[in-house]
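1. could you look at this predicted model? Sequence included:
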Amino acid sequence: MRILTNELNSAKLLRRAGFSVKKSDAIMSMLFSSEIYNLYSKEEIDIMLSETVEKVFAENRFMLNEQRREFDAKMVVINKQIDKNYDDLKSSRRWVIGTIITVGMGLAAYLSALIQLSH
């Protein structure tokens, strides 16, 4: 991989900074003729990354465990609220079904009485 830049402008900047023409040209020629290579292989980078992640987790293990405990405690409270709401919903449903059956039976009895009285 080569570095892409304006060699002439870079040499002029070096000259303005006090480098001689010969030195600035030599620096820029050396810089532009060099190539940059990856210093590490993919395997080395993967190893360094996993070591870093393990180090971060090791350093923050106590904090992570505390946050996990807080989360679990909040989930217990939320689950209790859900169970309570579900129980309330079931009892409301039973009340509605009971009311519908009672009103339906009352209407059936009323209609039956009307039919018998009219005959």
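-> Sure thing, it's come through.

2. domain-wise, how is this structure divided?
-> 1-37, 38-118 (automatic domain parsing).

3. point out the most buried one among the ones you listed.
-> Among the domains of the chain, domain 1-37 has the highest mean neighbour count (mean count of other CB atoms under 10 Å), at a mean of 12. C-betas here are computed from N, CA, C, even on glycine.

4. off-centre distance for it?
-> Distance of domain 1-37 from the chain centroid (CA atoms, centre = their mean, to the nearest Å) equals 45 Å.

5. now do stretch 94-105
-> Once both centres are worked out by CA atoms, centre = their mean, stretch 94-105 turns out to sit 48 Å from its chain's centre.

6. go on, stretch 43-61?
-> That offset, for stretch 43-61, works out to 20 Å (CA atoms, centre = their mean).

7. ditto for stretch 21-40
-> The chain centre lies 43 Å from the centre of stretch 21-40; the measure is CA atoms, centre = their mean.

8. thinking again about what came up before, possible to save the domains of the chain as CSV with mean pLDDT?
-> Converted to CSV, these look like this (pLDDT from 0 to 100):
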stretch, mean pLDDT
domain 1-37, 77
domain 38-118, 86
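
9. next, residue 39: secondary structure please.
-> coil (DSSP: H, G, I helix; E, B strand; the rest coil).

10. can you map out the helices along this structure?
-> Using DSSP state H, the helices found in the chain span residues 7-16, 21-33, 42-59, 61-118.
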